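Visitor: My questions are about this predicted structure, shown below with the sequence.
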Amino acid sequence: MKIVVADDLPASALDLLRAEGWEVDARTGRTPDQLAGDLADADAIVVRSATKVTAPLIAAAPRLRVIARAGTGVDNVDVPAASARGIVVMNAPGANSISVAELALGQMLALARHLPAADAAMKQGKWEKKKFLGEELRDKTLGLAGLGRIGQEVARRAASFDMRLIAHDPFISEQVARDLGVELVSMDDLFARADYISLHMPSNEKTRHIVDAARLAKAKKGIRLVNTARGDLIDEGALADAIEALRPAMGNRVFGCDICQEVCPFTRRFAIASSEPDYRPGRREALPVMANPPDARRVPPRIHDRAPDGAPTWLSGTGSPDLVDLMGMSRPQWDVFAHGRAVRRAGYAGFLRNVAIALGNWGAPAAVPPLAVALNHDEPLVRAHAAWALGRVGGQAALRALAARVDTDPSVRIELAAALEGLRGRDAGRGQTVSSG
């Protein structure tokens, strides 16, 4: 029997298969064509989340008898195509229930105590204890969207924090919910009542974008949203819009996720989304907590067409600005851009500070030129955050830009020196030759 393992599995799992005398072909990163060729004489395929077992792939495997997913759900498998061939599709629904439940509680605690923001502040040499006092989970209402295996494990652990538990799950009986101390409610009621919402649903036609603009508008002010299930449960564009707009009806939102869609709106928009004047890097109202976000370096800011006179098209009301354009925005351009928008509350310098943070977190070499220009900005606030962002991006170009300013800008010398020192230390640790010329 030949088994193709297309995604990462622990060596101990592979040893168990080989101990049965089966041939195991365990390699990751295969293209669909390569995988189809390897499946030509395979009896079984084992996947996790990365590999999609599509109808064409199934058709290329005439001997295939079993499709196994080492995890919860089978949404990356074309089940109808497999069933038409009489192929067994199986998964391991309880294998990671405890791990995911603990992760969900960990993210709730991180949101409650502002841990990402506090960590970011400490790394900038700041000690702001009073700012990050946070709140207790005790007596808060946790809304579980899904009360299956993982949802039930989350409920048991949340109960030990003395949280009030409500849930929406049309497939769970009242008796099961009562035994867990959970009140079953509608999805709209769950959003209206919960202080924290944790998603534990499969991805299908009925659940895709179940968290949309309409539900977010009904949500309780100050809600914390945690997603450790599937990225497409949330309309991430609507969530980003809600944060960016900062409408009074939306209140202050925070978002914790372990998984998002392939191109997440937050990779470009999260810093700009916070328009409050006292915004700081990592402030909880704007900065998503992402355990495994998409690699921002693969999602560059859009470079939009420009008008014939060379002005960005978004200044005339067409298109939308990218981060590179925004970083070079003059004060008159800002006045045009911000007119009638919630971002005006941040002020000109505060907005550019947020853009610098976003560029730093993007981290691509293309971020260096606009940040280097921002080191000469009139506002010390903008210069300081540009220095921080260059330290995040790294590379020789960023190093040279920081070195050129460190002795000529006393107003932000500490920030410049810290970024330069961190960048030199990082490159030296990699064995690179570092120079400031």
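Guide: That came in fine, so what should we check first? Numbering: from 1, shown residues only.

Visitor: can you list the residues that contact stretch 71-86?
Guide: 47-49, 51-55, 58-59, 64, 67, 69, 88-89, 91-93, 95-97, 100, 149-150, 202-204, 230 (Cβ atoms under 8 Å, 6 or more residues apart in numbering). For glycine as for every other residue, the C-beta is placed from the backbone atoms N, C-alpha and C.

Visitor: same deal with stretch 194-205?
Guide: With Cβ under 8 Å, 6+ apart as the test, stretch 194-205 has contacts from 73, 75, 100, 104, 108, 111, 137, 140-148, 150-151, 154, 163, 166, 190-191, 207, 210-211, 219-220, 222-230, 232-234.

Visitor: try 6 Å this time
Guide: With Cβ atoms under 6 Å, 6 or more residues apart in numbering as the test, stretch 194-205 has contacts from 73, 75, 104, 108, 140-146, 150-151, 154, 207, 224-227, 229-230, 232-233.

Visitor: which SS class is Ser99?
Guide: With DSSP: H, G, I helix; E, B strand; the rest coil as the basis, Ser99 sits in helix.

Visitor: Can you flag which of the contacts of stretch 71-86 belong to helices?
Guide: Ala55, Ile58, Ala59, Ser97, Val100, Arg149, Ile150 (DSSP state H).

Visitor: Could you give me the ChimeraX syntax to select whichever of those residues are buried?
Guide: Restricted to buried positions by 16 or more other Cβ atoms under 10 Å, the ChimeraX selection for the ones in helices among the contacts of stretch 71-86 reads:
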select :58,97,100,149,150
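
Visitor: Going through the contacts of stretch 71-86, which ones are buried?
Guide: 47, 51, 53, 58, 64, 67, 69, 89, 91, 96-97, 100, 149-150, 203, 230.

Visitor: between these, which is closest to Ile172?
Guide: Arg149 (11.0 Å; Cβ to Cβ).

Visitor: Contact partners for that closest one?
Guide: Taking Cβ under 6 Å, 6+ apart, one finds Gly94, Ser97 in contact with Arg149.

Visitor: Could you rerun that using 8 Å?
Guide: Arg149 touches Thr72, Pro93, Gly94, Ser97, counting by Cβ under 8 Å, 6+ apart.

Visitor: distance of the last one from His200?
Guide: Here the criterion is Cβ to Cβ, to the nearest Å. By it, Ser97 lies 10 Å from His200.

Visitor: where do the contact lists of these two overlap?
Guide: Joint contacts of Ser97 and His200 (Cβ under 8 Å, 6+ apart) are Ile150.

Visitor: so where's the protein shaky on pLDDT?
Guide: Applying pLDDT under 70 to the chain flags the ranges 242-322, 340-343, 345, 411-413, 415, 422-437.

Visitor: follow-up on the earlier one: for the buried ones among the contacts of stretch 71-86, which one is nearest Gln124?
Guide: Looking across the buried ones among the contacts of stretch 71-86 and measuring by Cβ to Cβ, the closest to Gln124 is Val100, at 32.0 Å.

Visitor: contacting residues for that closest one?
Guide: Thr72, Ile150, Glu153, His200, Thr228, Asp258.

Visitor: Torsion angles phi and psi at Arg65?
Guide: phi -120, psi -20 (degrees, to the nearest 10).

Visitor: Could you check how far the closest residue to it other than its chain neighbours is from Leu375?
Guide: Among residues not flanking Arg65 along the chain, Asp43 sits closest, at 5.3 Å (Cβ to Cβ, 6 or more residues apart in numbering). Distance of Asp43 to Leu375, computed by Cβ to Cβ: 61 Å.

Visitor: ok, now Leu64?
Guide: Leu64 is 58 Å from Leu375, by Cβ to Cβ.

Visitor: rewinding a little: out of the buried ones among the contacts of stretch 71-86, which is nearest to Thr31?
Guide: Checking the buried ones among the contacts of stretch 71-86 one by one against Thr31 (Cβ to Cβ), the nearest turns out to be Thr51, at 10.9 Å.

Visitor: which residue sits closest to that closest one, ignoring its sequence neighbours?
Guide: Using Cβ to Cβ, 6+ apart, the closest residue to Thr51 is Ala6 (4.2 Å).

Visitor: Could I get the contacting residues of the one you found?
Guide: Here Ala6 is in contact with Arg27, Thr28, Arg30, Leu35, Ile45, Val46, Val47, Ala50, Thr51 (criterion: Cβ under 8 Å, 6+ apart).

Visitor: Where strands are concerned, which of those count?
Guide: Members of these lying in strands (criterion: DSSP state E): Ile45, Val46, Val47.

Visitor: Turn those residues into CSV, including distance to Glu128.
Guide: What follows is the ones in strands among the contacts of Ala6, written out as CSV (distance: Cβ to Cβ, whole Å):
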residue, distance to Glu128
Ile45, 51
Val46, 48
Val47, 45
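
Visitor: Which one of the contacts of Ala6 sits in the busiest neighbourhood?
Guide: When neighbours are taken as other Cβ atoms under 10 Å, the top entry among the contacts of Ala6 is Ile45 (28 neighbours).
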